[in-house]
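Make a model of this:
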Amino acid sequence: MPNVTLEAARTIVAAAFDKSRELGLKPLTVAVLDSAGALKVLERTDGASLMRPEIAIGKAHGAIALGMGSRAIFQRAQEQPYFIQAMNALAKGSLVPVPGGVLIRDSGGALMGAVGITGDTSDNDEACAVAGIEAAGLTAETG
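This is a model prediction of the structure:
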């Protein structure tokens, strides 16, 4: 299974922060996980609150674990709250079912990892994740 490289992960983070500055967003935290869900890079801007790393990782982890962007998980949570609650219990509480967790795919569609971003609105978090993934020449899947 292909994995996001360290170089690509660093590009994703830098571009996500660039997009955040362009949009004038609140302080963000960005987590990039490989295809097995292992943490590749985690960075937080100055002023990011205490729990942001766990939230960013949870968004990305949920995307990888369920094979869909966290926007799709959010929609499932609205339609099937007991299912998502059960999945979160199985994930030992690490699933964060709101937009901002985006799958990373290569040009052939293979899963390479996921990005989780938190700090502003979920829609803005997701927009920064997509910008970062695209800046690395990869494909973003939001759900």
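
Need the residue closest to the centroid of the chain.
For the chain, residue 116 is the residue whose C-alpha lies nearest the centre (C-alpha atoms, centre = their mean; 2.0 Å).

looking only at pLDDT, what's the mean for the longest helix anywhere in the chain?
Longest helix of the chain, by residue count under DSSP state H: helix 6-23. For helix 6-23, mean pLDDT is 98.

elements contacting it?
strand 29-34, strand 39-44, strand 111-118, helix 122-135 (3 or more C-beta pairs under 8 Å, 6 or more residues apart in numbering; DSSP states H and E). To be clear about C-beta, it is placed using only N, CA and C from the backbone, and glycine gets the same treatment.

What are the buried residues along it?
Residues of helix 6-23 classed as buried: 8-13, 15-17, 19-20 (neighbour count, 16 or more other C-beta atoms under 10 Å).

quick one on the thing from earlier: tabulate the helices and strands packed on helix 6-23 (TSV), appending distance to residue 86.
TSV is the format used below for those (distance: least, C-beta to C-beta, whole Å):
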stretch	distance to residue 86
strand 29-34	22
strand 39-44	25
strand 111-118	21
helix 122-135	22
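
deepest of these, which one?
Across the helices and strands packed on helix 6-23, averaging neighbours per residue (mean count of other C-beta atoms under 10 Å) puts strand 111-118 on top, at a mean of 30.

tally of neighbours for the closest residue to residue 62 other than its chain neighbours?
Leaving aside its chain neighbours, residue 62 sits nearest to residue 95 (4.0 Å; criterion: C-beta to C-beta, 6 or more residues apart in numbering). As a burial measure, residue 95 scores 23 neighbours (other C-beta atoms under 10 Å).

so where is the protein shaky, pLDDT-wise?
1 (pLDDT under 70).

Distance from the chain centre to stretch 48-66, please.
7 Å (C-alpha atoms, centre = their mean, to the nearest Å).

can you check stretch 12-26 too?
14 Å.

start the count at 31, not 1, going forward
Renumbered: residue one is now 31, and that last one reads stretch 42-56.
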